[in-house]
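> Give me a 3D structure for the following:
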Amino acid sequence: MIITKHIEQAELGQPFFRLLMSDLHLGSINSDHDAIIADLQRAKEIGARVLINGDVFDAIGPKDRRYDLVSLHPSVARSKDLTKAIVEMAKEILAPYAGIIDVIGIGNHEEAWIAYCNTDPVRRLIEELNADGGKIVHGSFWGYINTLFAVSGHRKRARHKLLYLHGTGGDSPVTKGTIDFNRKGRSWQYDTLTFGHKHNIVCSVEQIGDVSERGKYSERRQLNLQTGSYYRNYRQLSDAECLDYSYAARSGHPPKPVGGLFLTVRPVLDANGELSIKQDFASDIVAPWKKPARKAS
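A predicted model of the protein is given here:
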């Protein structure tokens with residue numbers, strides 16, 4: 001269990017954004033690089049911090065039953081040192097955003113790679129990104145990001161507890177992973193839970209009753225957020241590519257939603273005048289649109 005502390009200087013009502021990503025599956029031809037960059041660029045534009053919650057790499061090697069040479073991205077397919085090649089690919093994509101990434105964790109795909117190859121590609125990626133100025137923490141498979149908000153005029157800090165894990169089990173085609181929300185909620189304390197792995201986007205909101213330090217009844221919102229992936233199960237193939245379908249297509253999995261989620265957290269005063277956290281989520285942060293200025297002819 002990795003616990004990462006993050007301190008934010010804030011005003012009452014000031015929003016703090018965090019992009020929750022998982023399942024990039026870099027190294028696969030089915031990894032949607034454009035979608036990854038689009039989410040990261042949006043995060044950079046709005047000043048969001050980033051969590052990448054495992055399966056950064058597809059990490060399907062020759063000893064894996066799902067291995068197929070044509071499933072590798074063309075830029076790494078002919079590399080003898082495949083670990084080095086996929087780490088370099090990931091660095092090229094993530095380096096422009098290293099300054100906003102707080103945590104990168106591992107998933108089941110990296111676990112298999114570590115078992116086969118005795119090397120952790122996420123560790124190697126983090127070392128590469130941090131060598132160029134990043135301050136990224138290796139998040140392991142589980143962890144908390146403990147964010148403290150130092151609010152002007154208040155001695156006490158507001159705290160937000162984000163519990164993350166990569167996820168386990170099958171893709172849950174019927175329940176979509178909502179049973180995991182209930183199981184984790186019985187055993188763990190958190191404001192927001194996030195996991196990926198199942199390649200679904202599913203969100204659940206609970207309302208938790210409590211008693212404050214001043215002995216006042218209060219309620220807080222608890223979020224359970226399952227993030228989608230950037231692995232596309234299906235892509236249009238030419239006649240020459242008719243056998244180049246993905247391992248997900250081979251198993252008959254349906255198309256899956258692509259992308260992460262933006263968590264919005266704000267320090268506010270509750271009905272009792274006590275400092276608390278208000279939180280919500282969205283697949284994008286929508287801001288007022290301004291018509292682009294017309295270029296002079």
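> where do the strands sit along the stretch 151-297 of the chain?
For the stretch 151-297 of the chain, strands defined by DSSP state E, counting those that start in this stretch occupy the ranges 158-165, 192-195, 202-211, 217-226, 261-269, 275-282.
> mind putting the ones you listed in TSV, distance to Ile126, mean neighbour count and mean pLDDT included?
(C-beta placed from N, C-alpha, C; glycine too.) Below are the strands of the stretch 151-297 of the chain laid out as TSV (distance: least, C-beta to C-beta, whole Å; neighbours: other C-beta atoms under 10 Å; pLDDT from 0 to 100):
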stretch	distance to Ile126	mean neighbour count	mean pLDDT
strand 158-165	16	22	96
strand 192-195	19	24	97
strand 202-211	28	12	93
strand 217-226	24	18	93
strand 261-269	22	20	96
strand 275-282	26	17	94
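> Can you say which of those strands is nearest to Arg18?
Ranking these by proximity to Arg18 (C-beta to C-beta) places strand 261-269 first, at 4.6 Å.
> Counting by contacts, list what that closest one packs against.
Judged by 3 or more C-beta pairs under 8 Å, 6 or more residues apart in numbering; DSSP states H and E, strand 261-269 is in contact with strand 16-21, strand 142-151, strand 158-165, strand 192-195, strand 217-226, strand 275-282.
> Surely Tyr97 is in a strand?
No: judged by DSSP: H, G, I helix; E, B strand; the rest coil, Tyr97 forms no part of a strand; its state is helix.
> on that earlier part again, for Asp34, find the nearest of the helices and strands packed on strand 261-269.
strand 16-21 (14.3 Å).
> what angle do the closest one and strand 158-165 make?
0 degrees (axes from the mean of the first three to the mean of the last three C-alpha atoms, to 10 degrees).
> so which of the helices and strands packed on strand 261-269 gets nearest Ser251?
strand 217-226 (20.0 Å).
> List the contacts of the residue nearest to Thr119 when sequence neighbours are not counted.
Spatial nearest neighbour of Thr119, chain neighbours left out: Thr83 (5.6 Å); criterion: C-beta to C-beta, 6 or more residues apart in numbering. Thr83 is in contact with Trp113, Cys117, Thr119, Pro121, Arg124, counting by C-beta atoms under 8 Å, 6 or more residues apart in numbering.
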